[in-house]
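Engineer: curious how this folds, go ahead:
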Amino acid sequence: MIRRRRGGLALPACALAFALAAGPVAGLADESDHERARQALEAGKVLPLGAVLDIVERDFPGQVVKVEFEEDDDEFIYEIRVLQSGGGILKLKIDARDGTLLSVKGRDIKFKGKP
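Structural biologist: As a prediction, this is how the structure comes out:
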């Protein structure tokens, strides 16, 4: 498996790419998520998942454990869960069009560069 180093964390980038290309893999994306994401990406309506994960990794320390793609009334959202040190899970909602953080939920939220 090819691994890409980002900010001290090794993310299985190959597995994430495979998840979007092949459908369901360990909680990353189901088949309908995949198809909607592929169509939106091809139409230029959303950022690729890799670009969004770069934003997440830049701002939130931890390991991405789940990615979902949601579309509602032509609004596209990546819902990403991050396992942080100490076992806390963050639930991030990110605008898939431009990578803007829409919301973050969780306890003891850790941001990179912050105490």
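Engineer: beta partners for residue 91?
Structural biologist: Beta-bridge partners recorded for residue 91 (DSSP bridges): residue 81, residue 105.
Engineer: low-confidence regions, this protein specifically.
Structural biologist: Applying pLDDT under 70 to the chain flags residues 1-31, 111, 113-115.
Engineer: how about the strands in it?
Structural biologist: 4-6, 9-11, 63-72, 75-83, 89-95, 101-105 (DSSP state E).
Engineer: list the buried residues for stretch 47-58?
Structural biologist: Neighbour-count burial for stretch 47-58 flags 47, 49, 52-57 (criterion: 16 or more other C-beta atoms under 10 Å). C-betas here are computed from N, CA, C, even on glycine.
Engineer: how many other residues sit next to the spatially closest residue to residue 95 that is not a sequence neighbour?
Structural biologist: Nearest residue to residue 95, sequence neighbours excluded (C-beta to C-beta, 6 or more residues apart in numbering): residue 102, at 5.6 Å. Counted by other C-beta atoms under 10 Å, the residues lying close to residue 102 total 13.
Engineer: what's the spacing between residue 102 and residue 48?
Structural biologist: Residue 102 sits 18 Å away from residue 48 when distances are taken as C-beta to C-beta, to the nearest Å.
Engineer: since that was my last question, I'll sign off now.
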